[in-house]
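**Q** Build me a model from this:
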Amino acid sequence: MAKNTICLWFDKDAEAAARFYAETFPDSAVVAVHHAPSDYPSGKEGDVLTVEFTVAGVACLGLNGGPAFQHNEAFSFQIATDDQAETDRYWNAIVANGGQESACGWCKDKWGVSWQITPRVLTKALAAGGAEAKRAFEAMMGMTKIDVAVIEAARRG
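**A** Okay, the predicted model is just below:
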């Protein structure tokens, strides 16, 4: 297990979420599934308790802790994409699997985990500063999924 691991609390679907992430993102995998050694407040002996997995190389632990806590936008995975096809592939996978669109490149999966699907061209435009950053930022503000061609045009002015 990695020294630093992101722990995501799920009601009861940590394994399903981890398997979806592993199928969707490269350099992702389900590493181990651990079952509860005895009954606990939100489950029974033998239920899946934790799932070790990676998302785009980041070590994670899914904990089936019950309905006490819900995901929110205070935590999100940010996935950098190289082009529109990659942006579309990740966005569509999340949204089409019971997720929902949000604004400015954000979406949520069906378990409520937030994702930022962020083309590198947007990140570079914002880092450039000045008028270029302002134009790209203003273009982004009207989007749900980021449109790479529109961001590139905004960068050029």
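**Q** Not counting sequence-adjacent ones, nearest residue to the residue of the chain most remote from its centre?
**A** Here the chain reaches farthest from its C-alpha mean at Ser38, the gap being 31.4 Å by CA atoms, centre = their mean. Using CB to CB, 6 or more residues apart in numbering and skipping residues adjacent in sequence, the residue nearest Ser38 is Glu45, 4.9 Å away. C-beta coordinates here come from the backbone N, C-alpha and C atoms, glycine included.
**Q** helix/strand/coil for the residue most central in space within the chain?
**A** With distances taken as CA atoms, centre = their mean, the residue of the chain nearest its centroid is Trp115 (3.3 Å). With DSSP: H, G, I helix; E, B strand; the rest coil as the basis, Trp115 sits in strand.
**Q** Please look at it and Ala80 and confirm they touch.
**A** No - Trp115 lies out of contact with Ala80 (CB atoms under 8 Å); the separation is 11.8 Å.
**Q** Pull up the overlap in contacts between the two.
**A** Counting by CB atoms under 8 Å, 6 or more residues apart in numbering, Trp115 and Ala80 have no shared contacts at all.
**Q** quick one, what contacts the residue nearest to Ser38?
**A** 35-39.
**Q** Distance to Lys134 and pLDDT for those residues - can I get that in CSV?
**A** Compiled in CSV, the contacts of Glu45 are given as follows (distance: CB to CB, whole Å; pLDDT from 0 to 100):
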residue, distance to Lys134, pLDDT
His35, 53, 98
Ala36, 52, 98
Pro37, 56, 98
Ser38, 58, 98
Asp39, 57, 97
